[in-house]
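K.L.:
sharing a sequence plus its predicted fold:
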Amino acid sequence: MPRDFSQVEVPVQEDEVCQVLRRAADVLRCAGHLKNALYVESPVAGPVCAMGAINRADHGSAKYGFGEMSQTAARALSEFLGLEPWASADKEWRWSETVASWNNAPERTAAEVIAALEGAADARAERLMREGK
């Protein structure tokens, strides 16, 4: 009798961006969600916004000084959400500004931000699998 492989799970291939997005979701889950600021009191502990969570997941601190990985993760999240990049004279910061604006919407909840970070990681991992990377 032939085996049915339709239900076999294929291992997901993830890159560092996916891992940063997943860690950022964990940061928010543990530290709490914040709006209109990257962090409160301490950049290494306590509530953070989505961009602060990405920064902390990337380099251990929610402070500004976004590195390339933080910006790439912010872009992946923005693209997953279907957001256009924020118009900025400083092109380096446009994705972080896009994420911050989305995060700060009055109706935005911690659960939505966590789900979006995980969804962006899932979508990127699936794309990487399709592209064979």
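P.N.:
Perfect, thanks for sending it.

K.L.:
okay, CA-based contacts and neighbour counts for the rest of this
P.N.:
OK.

K.L.:
the chain: helices as residue ranges?
P.N.:
Using DSSP state H, the helices found in the chain span residues 16-31, 50-59, 68-81, 94-103, 110-131.

K.L.:
output these as CSV; include the columns distance to Pro43, mean pLDDT and mean neighbour count.
P.N.:
Converted to CSV, those look like this (distance: least, Cα to Cα, whole Å; pLDDT from 0 to 100; neighbours: other Cα atoms under 10 Å):
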stretch, distance to Pro43, mean pLDDT, mean neighbour count
helix 16-31, 11, 96, 21
helix 50-59, 8, 93, 28
helix 68-81, 15, 93, 20
helix 94-103, 16, 87, 21
helix 110-131, 18, 95, 18
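
K.L.:
need these in JSON lines (columns: distance to Ala37).
P.N.:
Below are those laid out as JSON lines (distance: least, Cα to Cα, whole Å):
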{"stretch": "helix 16-31", "distance to Ala37": "14"}
{"stretch": "helix 50-59", "distance to Ala37": "8"}
{"stretch": "helix 68-81", "distance to Ala37": "16"}
{"stretch": "helix 94-103", "distance to Ala37": "9"}
{"stretch": "helix 110-131", "distance to Ala37": "14"}
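
K.L.:
phi, psi of Gly32?
P.N.:
For Gly32, the backbone dihedrals (degrees, to the nearest 10) come out as phi 100, psi 160.

K.L.:
just checking, it touches Pro47?
P.N.:
Yes: with contact defined as Cα atoms under 8 Å, Gly32 and Pro47 form a contacting pair (4.4 Å).

K.L.:
what sits closest to Arg75 if chain neighbours are left out?
P.N.:
Spatially, and ignoring its direct neighbours in sequence, Arg75 is nearest to Trp95 (5.3 Å; Cα to Cα, 6 or more residues apart in numbering).
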